[in-house]
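S.K.: For reference, the sequence and a predicted model appear below.
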Amino acid sequence: MSDLPKYNELPPGGIIPEPATSLKYYTGDWRVERPVIDQDKCVRCRLCWVYCPDNAIREVDEEYTTSKGKTYKIKYIVNYDYCKGCGICAQECPVNAIKMIPEPVEEPGGEEE
Amino acid sequence: MTLAVEEASGKGLKRPRPMSTNSAIATAARDLDVDVVSAYPITPQTTVVEKIAEYIANGELDAEMIHVESEHSALSAAIGAAAAGARSFTATASQGLALMHEILHIASGGRVPVVMSVATRALSAPISIWNDHSDVMNARDSGWIIAFVSSAQEAYDTVIQAFKVAEDPEVLLPFMVAYDGYLMSHTMEPVVTEDRETVLSYAPKRDYPYKLDPKKPVTIGTITDPNWYYEFKYQQVETMKVALEKFRRADEEFGKVFGRNYGLLECIHCEDADAIVVATTSYATTLKYLINTAREKGMKVGLLRLRLYRPFPVEDFLKATSGVDTLLVIDRAISYGAPVQGPLATEINSLFHSRGIDTKVVSVVAGIGQRAFKDDDAMNMFKLALESRKAAPEETIFYGVRK
């Protein structure tokens, strides 16, 4: 904590004088459970992407063929840097393709998977 | 008619005209060319914002008047406007100030320079629309600069000084100008107003350094975890010291430009006094009016009128009271169950003790819910101050209560 700036080295009142600084704040540290998407079950409905309050579900152009032979051109993946583990995506998923897995206690989340 | 024409021309009147303190404050807002006024009516403040609305309707002031649904919103709107770079003003009293309480801290902690006038009034229950200082004393730890003014002229002048200090980039703190509801708010006094050009060259509009601008985004109202919050609160502690000196200089400069200034506190006959009475707002005016009469009767009393309350002018106060053995402090609010029940008396006591000064502090509570305080009562204060030199009452005196 002694490495942090002193009171007179900070802008007044907790004002952040530049934009987009939330990118530097890895809220994934807060996570207790992580959502894991089963790409085989996922029907690419995009509801998790819509509901995620932190924009932590990403839609990527990546082809995937399911075990039943259906090919999708996109995939949904979780950005674990910012996913707080709220579980809304798992709750909303209409095909139960998202599971909430407890984070290991000794090594808190935050790292990209 | 001539007066109205002269006034409408935007030129200040060098001769005084009759104005209530509410009217004087509204006129100061006009002459400061405020950009945004948020308004919610509450007695005895209402005629401040009514008068401003009149100035806007008459084309004498080009400002946005926001009619809000509560005082909580009134201050929130003023903060939002100030954060967007507008010169923002609002006014309140009593329950209104109480309802603003949460937002008071947001203005000071967020370092948004709004200016607000407070026509002090008692708090419910039971309901009293009349004057005392319960409202403003409840707000004393909200981080605002607080000045107590004693005349309509001083109210006009102090609102102008307030904007100069609040908007100073080294200060950026909200400023509250407090005066007595009814005793001042609705009482006519002679007031000299100044022309807008001179007022604006004394208190020019300055760009708020962190203003909300889509082209240059900033974040205000952030969340700060335990590693950060304390530093921002300490900034406020240090900035209060800066504000004290800025206010001192603003007042001196005001004197040079307009020929009137007041200091951080005013002392009358303090140098050779045996005992000093400490008072604020209209009570100080009443005492000032009578102090020469007391002196003629051989009572060696002084009067200390506290003008700047937050930040407290510690060194000025100690200097003004050095050499006197007894102070009588008149409080217009009650700190229920406190060791000393007058909040101002408590602070002065603690100041003396922390400096190892053994001046006696007599705590007197008076004027609660506007219980009358007239000439005789003022003379009684001088008398009581002198009598207390021999035997100072240990407990707060509740002056004027039936018991």
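M.R.: Now that the structure is in, tell me what you want to look at.

S.K.: C-alpha from now on. contacts and neighbour counts both.
M.R.: Will do.

S.K.: and the closest residue to chain A within the stretch 1-150 of chain B, how many neighbours?
M.R.: The stretch 1-150 of chain B approaches chain A most closely through B:Gly110 (4.7 Å), counting by Cα to the nearest Cα. By other Cα atoms under 10 Å in any protein chain shown, the residues close to B:Gly110 number 24.

S.K.: for B:Lys246, same thing?
M.R.: Residues near B:Lys246, counting by other Cα under 10 Å: 19.

S.K.: can you give me the strands in the stretch 51-200 of chain B?
M.R.: B:64-67, B:88-92, B:115-120, B:145-148, B:175-180, B:189-191 (DSSP state E, counting those that start in this stretch).

S.K.: other SSEs contacting the last one?
M.R.: The reference is to strand B:189-191. strand B:17-19, helix B:152-166 (3 or more Cα pairs under 8 Å, 6 or more residues apart in numbering or on different chains; DSSP states H and E).

S.K.: which residues touch the shortest one?
M.R.: Spelled out, that is strand B:17-19. For strand B:17-19, the surrounding residues in contact (Cα atoms under 8 Å, 6 or more residues apart in numbering or on different chains) are B:Ala152, B:Thr187, B:Met188, B:Glu189, B:Pro190, B:Val191, B:Val192.

S.K.: Stretch B:353-360 now?
M.R.: So stretch B:353-360 is contacted by B:Val324, B:Asp325, B:Thr326, B:Leu327, B:Phe352, B:Arg389, B:Ala392 (Cα under 8 Å, 6+ apart).

S.K.: What's the end-to-end length of that stretch?
M.R.: 10 Å (Cα to Cα, to the nearest Å).

S.K.: What of stretch B:218-235?
M.R.: End-to-end for stretch B:218-235, by Cα to Cα: 19 Å.

S.K.: List the buried residues for that stretch?
M.R.: B:Val218, B:Thr219, B:Ile220, B:Trp228, B:Glu231, B:Phe232, B:Lys233, B:Gln235 (16 or more other Cα atoms under 10 Å in any protein chain shown).

S.K.: correct me, but the residue of the stretch 1-150 of chain B closest to chain A touches B:Lys211?
M.R.: No - taking contacts as Cα atoms under 8 Å, B:Gly110 lies outside contact range of B:Lys211: 11.8 Å.

S.K.: Name the residues of chain B found near chain A, please.
M.R.: Neighbours of chain A within chain B, by Cα under 8 Å from any Cα of the partner chain: B:109-111, B:210, B:216-224, B:227, B:229, B:231-235.

S.K.: go again using 7 Å as the cut-off
M.R.: Applying Cα under 7 Å from any Cα of the partner chain, we find that chain B lies next to chain A at B:109-111, B:210, B:217-222, B:227, B:231-232, B:234-235.

S.K.: Closest one of those to B:Ser20?
M.R.: B:Arg111 (31.1 Å; Cα to Cα).

S.K.: For that closest one, which residues are in contact?
M.R.: Residues in contact with B:Arg111 (Cα atoms under 7 Å, 6 or more residues apart in numbering or on different chains) are A:Pro12, A:Gly13, B:Leu172, B:Leu173.

S.K.: Neighbours of residue 95, how many?
M.R.: No chain in the question, so chain A it is. Counted with other Cα under 10 Å, A:Val95 comes out at 11.

S.K.: The chain in question should be chain B.
M.R.: Count around B:Gln95 with other Cα under 10 Å applied: 19.

S.K.: Just to check, it is in contact with B:Leu123?
M.R.: Yes - counting by Cα atoms under 7 Å, B:Leu123 is a contact partner of B:Gln95 at 6.2 Å.

S.K.: so can I have JSON lines of the contacts of B:Arg111 showing neighbour count and distance to B:Glu315?
M.R.: Formatted as JSON lines, the contacts of B:Arg111 follow (neighbours: other Cα atoms under 10 Å in any protein chain shown; distance: Cα to Cα, whole Å):
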{"residue": "A:Pro12", "neighbour count": "25", "distance to B:Glu315": "27"}
{"residue": "A:Gly13", "neighbour count": "23", "distance to B:Glu315": "27"}
{"residue": "B:Leu172", "neighbour count": "26", "distance to B:Glu315": "23"}
{"residue": "B:Leu173", "neighbour count": "29", "distance to B:Glu315": "22"}
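
S.K.: so can I have a markdown table of those residues showing pLDDT and distance to A:Glu59?
M.R.: Converted to a markdown table, these look like this (pLDDT from 0 to 100; distance: Cα to Cα, whole Å):
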| residue | pLDDT | distance to A:Glu59 |
| --- | --- | --- |
| A:Pro12 | 96 | 38 |
| A:Gly13 | 95 | 37 |
| B:Leu172 | 98 | 44 |
| B:Leu173 | 98 | 45 |
